[in-house]
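In: sequence first, predicted coordinates after that:
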Amino acid sequence: MNDQNKLILQILREEDLSEIINTFNFPWTSLQATKEKWERYYAEQQRNARTVCVAKIQDEFVGYGSLLSISEYPNFRNDGIPEIHDVWVSEEHRGNGIGKRLVQYLEKLAQQENHKQIGIGVGLYQDYGRAQKLYVHLGYAPDGLGVTYKYQPVVPGDPYPADDDLVIWLKKDLP
């Protein structure tokens, strides 16, 4: 079955919050932290700081991603480059093009806002392998400033944990 044929992408609605919180409550976090995250995302969307896109197949939430108007990454923020942030596809639906469609949807939103470039950060350990390959396939290239940890450049020789905060930043030109 090709998930793309049944995929619906839409902007997060307030009435989606309860179901999203329950669907995307991961084992490595608490229900309270998940609730706070999604309420913050929705509040940021109301302020036009973030636009959240959710992916659904037959009324089931299978993924999400968002576009930050102002990135926390200093290079993007200083250059006015919006950031694709927190893209996630449920494990059972990976490899079916949903991540690609989410990223392309968020790129179109940035284009509609007349941005000429868009950026994305990606982790460096194996769990991010598919995302790394996808972003390169979609035309993203490293910004040339190296790896960061918690948005700050890493210092050669200093140890850093290989966690979600160890990131390389990529960007691409938009048509």
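Out: Thanks, I have the structure now. Numbering: from 1, shown residues only.

In: just give me how far the helix or strand of the chain with the lowest mean pLDDT sits from the chain centre.
Out: Averaged element by element with mean pLDDT, DSSP states H and E, the chain has its least confident helix or strand at helix 17-23 (a mean of 91). Averaged C-alpha coordinates place helix 17-23 at 18 Å from its chain's average position (CA atoms, centre = their mean, to the nearest Å).

In: buried stuff in it?
Out: For helix 17-23, the buried set under the neighbour-count rule, 16 or more other CB atoms under 10 Å, comprises 20, 21. To be clear about C-beta, it is placed using only N, CA and C from the backbone, and glycine gets the same treatment.

In: cool, and stretch 156-168?
Out: 166, 167, 168.

In: low-confidence bits of the protein, can you list those?
Out: Across the chain, the stretches falling below the confidence threshold (pLDDT under 70) are 1-5.

In: what number of residues lie near residue 87?
Out: Each residue near residue 87 was counted by other CB atoms under 10 Å, and the total is 21.

In: wait, what's in contact with it?
Out: The contact partners of residue 87, taken as CB atoms under 8 Å, 6 or more residues apart in numbering, are 63, 64, 65, 99, 102, 103, 120, 131.

In: distance to residue 85 and neighbour count added to these, as JSON lines?
Out: What follows is the contacts of residue 87, written out as JSON lines (distance: CB to CB, whole Å; neighbours: other CB atoms under 10 Å):
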{"residue": "63", "distance to residue 85": "14", "neighbour count": "23"}
{"residue": "64", "distance to residue 85": "10", "neighbour count": "24"}
{"residue": "65", "distance to residue 85": "7", "neighbour count": "24"}
{"residue": "99", "distance to residue 85": "14", "neighbour count": "22"}
{"residue": "102", "distance to residue 85": "11", "neighbour count": "25"}
{"residue": "103", "distance to residue 85": "11", "neighbour count": "22"}
{"residue": "120", "distance to residue 85": "8", "neighbour count": "28"}
{"residue": "131", "distance to residue 85": "12", "neighbour count": "18"}
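
In: return the subset of those residues lying in helices.
Out: Applying DSSP state H to these, the entries found in helices are 99, 102, 103, 131.

In: any figure for the gap between the second one and residue 10?
Out: The one in question is residue 102. 11 Å (CB to CB, to the nearest Å).

In: now, which of the buried residues of stretch 156-168 sits nearest residue 156?
Out: Relative to residue 156, the closest of the buried residues of stretch 156-168 is residue 166; by CB to CB it sits at 14.0 Å.

In: so what's that closest one bridging to?
Out: In this entry, residue 166 is beta-bridged to residue 149, by DSSP bridges.

In: now it: how far from residue 126?
Out: Distance from residue 166 to residue 126, by CB to CB: 13 Å.

In: helix, strand or coil for the residue of the chain positioned farthest from its centre?
Out: Taking CA atoms, centre = their mean, the residue of the chain most remote from its mean C-alpha position is residue 157, at 29.3 Å. Using DSSP: H, G, I helix; E, B strand; the rest coil as the criterion, the local structure at residue 157 reads coil.
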